[in-house]
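Colleague: how would this look folded up:
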Amino acid sequence: MGGILFLDIDSNTLVQLEEAFEQSDKKYETMEDYITHTAVNLNKIKAEIVEMYLDSVQKAMVSR
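Modeller: Residues are numbered from 1 along each chain as shown. You can find the predicted model right below:
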């Protein structure tokens, strides 16, 4: 996959990420792998939400 992921996070968020990494079902080699995997999944979810929103806007425009 590759690439650089920049995160601006506070110490509480970092602690939460570390805990989530330790408790993850899939054991990743590094925390960076885990964060990258999580970011990819969040982007997929975000894309799905945008798609649902655009579909609802289109349906609203058609019904007018």
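Colleague: use CA for all of it now, contacts and neighbours both
Modeller: OK.
Colleague: Look up how far R64 lies from the nearest residue to E18 once chain neighbours are set aside.
Modeller: Residue nearest to E18 in three dimensions, not counting chain neighbours: M31, with 7.4 Å by C-alpha to C-alpha, 6 or more residues apart in numbering. In this structure, M31 and R64 are 49 Å apart, going by C-alpha to C-alpha, to the nearest Å.
Colleague: and if you look at D10?
Modeller: Relative to R64, and taking C-alpha to C-alpha, D10 is found at 46 Å.
Colleague: quick one: pLDDT of the residue nearest the centre of the chain?
Modeller: Taking C-alpha atoms, centre = their mean as the criterion, L42 is the residue nearest the geometric centre of the chain, at 1.7 Å. The confidence metric pLDDT takes the value 87 at L42.
Colleague: out of D10 and R64, which sits in the more crowded spot?
Modeller: For D10 against R64, the residue with the higher neighbour count under other C-alpha atoms under 10 Å is D10, and the figures read 8 against 5.
Colleague: can you count the residues close to the residue nearest to E18?
Modeller: Neighbours around M31, by other C-alpha under 10 Å: 15.
Colleague: And the longest helix along the chain, what does it pack against?
Modeller: Identified as the longest helix of the chain according to DSSP state H is helix 31-62. Counting contacts by 3 or more C-alpha pairs under 8 Å, 6 or more residues apart in numbering; DSSP states H and E, helix 31-62 is packed against helix 11-23.
Colleague: what comes up buried for the helix it packs on?
Modeller: L17, F21 (16 or more other C-alpha atoms under 10 Å).
Colleague: next one: stretch 54-64
Modeller: Using 16+ other C-alpha under 10 Å as the test for burial, stretch 54-64 gives no buried residues.
Colleague: Point out where the chain drops to low pLDDT.
Modeller: The model of the chain has pLDDT under 70 over residues 1-9.
Colleague: what do you get if the cut-off is 90, keeping everything else the same?
Modeller: Segments of the chain classed as low confidence (criterion: pLDDT under 90) are 1-43, 62-64.
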